[in-house]
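Colleague: Here is a sequence together with a model predicted from it:
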Amino acid sequence: MPQTLAAPAHSELIIKKSRFIGCVQPMADRASAQAAVDALWKQHPGAAHVCWALLAGGQSAAVDDGEPGGTAGRPMLDVLRHQDLEGVQATVVRYFGGVKLGAGGLVRAYTDTIAQALLTAPKVILQRMATLQCMVPYALEGLLRREVEAAGAELIDVQHGSLVTLQMRLPQAQAEAFVLRINDQGQGRVGWMDAAP
């Protein structure tokens, strides 16, 4: 089951005088990932490279940033894939120490830096969410609010008109049972509408 990270995690390795500063963090898309890389360049203006990888569906990327092709970005991306992660960016800032590591040494250095960071990274299971929306008479609003809370769902919006319209979000796996329970308790007085995902 795919996971993402709850918070960023960091690591630092010194290999043959080169300093590798790694970070893994939750990241939704390529634009945000590029912004994070730009911020790293500002923090580390003397760095030789800021290599990165992003595993985020169709927006995935692997960037070697001047290192020999395939020695940094792709190996970091492979580490993220191997850990079954999604929506995660890996970055490594490298300060060159004057000793060349060779292609194999670079692959190991970038892979190890990200693997070290992932050891302490807090992971959470990625769940597909469903957004539900229904209309109920005022008399059922309290019942529905209690059921939403009991299910651990998130109440997104409530509007009061001739009926009460409630919009909620919960894990997709629980949605069908939730709707059946509400329909049973509402005794035919609950109207469901298609909600935006």
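Modeller: Yep, that arrived.

Colleague: For the residue nearest to the spatial centre of the chain, give its distance to V37.
Modeller: Centrality entry for the chain: nearest residue to the mean C-alpha point is G87, 3.5 Å, by Cα atoms, centre = their mean. Distance, G87 to V37, by Cβ to Cβ, to the nearest Å: 16 Å. In this view, the C-beta of every residue, glycine as well, is placed from N, C-alpha and C.

Colleague: what do you get for A90?
Modeller: 11 Å.

Colleague: swap in G186?
Modeller: For G186 relative to V37 (Cβ to Cβ), the value is 51 Å.

Colleague: ok, back up a step: so for A90 and V37, which sits in the more crowded spot?
Modeller: Neighbour count, other Cβ atoms under 10 Å: between A90 and V37, A90 has more, with 31 against 18.

Colleague: From what I see, that one and D112 are in contact.
Modeller: No - judged on Cβ atoms under 8 Å, A90 makes no contact with D112 at a distance of 12.0 Å.

Colleague: Output the helix or strand harbouring C23 as PDB, restricted to C-alpha atoms.
Modeller: Here C23, judged by DSSP states H and E, is contained in strand 18-26. Extracted in PDB, the C-alpha atoms of strand 18-26 (Å, rounded to 0.1, in the frame of the first residue of the first chain):
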ATOM      1  CA  SER A  18      32.600  15.400  -0.300                       C
ATOM      2  CA  ARG A  19      29.600  16.400   1.900                       C
ATOM      3  CA  PHE A  20      26.100  15.100   0.900                       C
ATOM      4  CA  ILE A  21      23.200  16.800   2.700                       C
ATOM      5  CA  GLY A  22      20.000  14.800   2.100                       C
ATOM      6  CA  CYS A  23      16.300  15.600   2.600                       C
ATOM      7  CA  VAL A  24      13.100  13.700   1.900                       C
ATOM      8  CA  GLN A  25       9.800  15.500   2.200                       C
ATOM      9  CA  PRO A  26       6.200  15.400   1.200                       C
END
